[in-house]
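Peer 1: please find the sequence and the predicted model below.
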Amino acid sequence: MYNFEGKIVIITGSARGIGFAIAETFAENGATSIILDLFQDAVDEAVKKITDKGFKAFGYVADITDSELTGNLFKEIFQKFGKIDILINNAGITKDGLLMKMKESDWDAVINVNLKGTFICTQKVCRFMMKQRQGVILNISSIVGIMGNAGQANYAASKGGIITLTKSAAKEFASRNIRVNVIAPGFIETEMTAQLPKEIVDKYLEAIPLRHIGTSKDVANLCLFLASKEADYITGQTIQVDGGLIM
Ligand code: NAP
C-alpha cells in the first residue's frame, strides 16, 4: 500500500483497459484520479466504478491529438485542483498490417495518437510541473517498442519513439525535479489482446518464462512504484512488465 493521499493523477485513455486499472489503483491508494478519454459515457461509467467504491475520481472528455483542447483541459484541471502531481500517458491504438501493404493513413493515425499524443500531453503538463518544481510523468510504451514486431511497424515506431522522447524529457526536466520514465508492458490481458487467435496466445505463452499472461494490475503496480517517493532517484528509464518475455 502506497500513500498518494492528496495527489492529483491524470491518466490518458483510462475509461477502460490498462488505463482504467491504473486510475483505479491510484485511487485505491489515496490519490484523486483524473480519467481522460474520448467519449462522455465511457468516462462517466469509469468514474462511477471508482467513486462507488468510495475512492476519488473525476472525468474529462479529451482527444489527446487535439493540442489546443488538451492544453485548455490541463489548464482547467490545474486551476480546479491547484496542481498536477502525476501524468500517465497511456492512451494508445493499433492499426496492424504488413509494412509492404500498410496504408499511410494507418501509419499516421498510430503515430499521431501514440507518439504525438504523448508529446502533446507532456508539453502541456510540463509548464505546470515546472512551476511546482515537482512532478512525475510515466509513459506507457510496449516491449514492441524495444524489439520491433512483424505487422506492427507503425505501432513499434510509435512505442520506440516514446522511449527516446522520455529520455529527452527526463534530461530537460530533471533540474526542476520532474522525473520521466517508461513502462513497457509485454502481453497483457485486455480487450486489445482478447481478439488474438488461440494459436498466437499459445505461442506467446511458450515464450514467456513466467508462463502466464500479465494483467493490467501488474502494470498499475509498477506505475505506483515509479510515481512514489521510493523511486525518487529513477528517471529516464524503461522498465518492462513482461514475465521475462524479452531480456
Ligand atoms: P485499450 O483497451 O484499447 O484502451 C485504450 C484507451 O485509450 C481506450 O479507452 C481508448 O478509447 C483511449 N484512446 C484511444 N485514442 C485516444 C485519444 N486520441 N485520446 C484519448 N483517449 C484515446 O488499450 P490497452 O490494452 O488498455 O492499452 C493501454 C496502453 O498500453 C496502450 O498505450 C497500449 O499500446 C499499451 N500496451 C498494451 C499492451 C496489451 O497487451 N494490452 C501491451 C503493451 C502495451 P476508445 O475505447 O474510445 O477507443
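Peer 2: Received, thanks.

Peer 1: show me what from the protein comes close to the ligand.
Peer 2: Where the chain comes near the ligand, counting by Cβ under 6 Å from any ligand atom, the residues are 12-13, 15-19, 37-39, 62-65, 90-93, 113, 117, 140, 142, 185, 187-188, 190-193. Heads up, the C-betas are built off the backbone N, CA and C, glycines and all.

Peer 1: from these, which land in strands?
Peer 2: When those are checked against strands (DSSP state E), the matches are 12, 37, 140, 185.

Peer 1: reformat the residues you listed as a markdown table; add pLDDT and neighbour count.
Peer 2: What follows is those, written out as a markdown table (pLDDT from 0 to 100; neighbours: other Cβ atoms under 10 Å):
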| residue | pLDDT | neighbour count |
| --- | --- | --- |
| 12 | 98 | 26 |
| 37 | 98 | 26 |
| 140 | 99 | 27 |
| 185 | 98 | 22 |
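
Peer 1: are any of the residues of the chain next to the ligand buried, and if so which?
Peer 2: Those of the residues of the chain next to the ligand that meet the buried threshold are 12-13, 15-19, 37, 62, 64, 90-93, 113, 117, 140, 142, 185, 187-188, 190, by 16 or more other Cβ atoms under 10 Å.

Peer 1: list the residues that contact residue 195.
Peer 2: For residue 195, no contacting residues are found, by Cβ atoms under 8 Å, 6 or more residues apart in numbering.

Peer 1: do you know the pLDDT at it?
Peer 2: Predicted confidence (pLDDT) for residue 195: 82.

Peer 1: which phi and psi does it have?
Peer 2: Backbone dihedrals for residue 195, given as degrees, to the nearest 10, come out at phi -80, psi -10.

Peer 1: what of residue 76?
Peer 2: Main-chain dihedrals, residue 76, degrees, to the nearest 10: phi -60, psi -40.

Peer 1: re earlier: could you work out the most separated pair of the ones in strands among the residues of the chain next to the ligand?
Peer 2: In these, the most distant members under the criterion Cβ to Cβ are 37 and 185, with 18.7 Å between them.

Peer 1: element containing the closest residue to residue 221 other than its chain neighbours, please.
Peer 2: Taking Cβ to Cβ, 6 or more residues apart in numbering as the measure, residue 221 lies nearest to residue 25, with 7.0 Å between them; neighbours along the chain are not counted. Using DSSP states H and E, residue 25 falls within helix 17-28.

Peer 1: contacts for that helix?
Peer 2: For helix 17-28, the surrounding residues in contact (Cβ under 8 Å, 6+ apart) are 4, 7, 9, 11-14, 33, 35, 37, 46, 49-50, 53, 55-57, 86, 88, 90-91, 140, 185, 188, 190-192, 215-217, 219-221, 223-224, 227.
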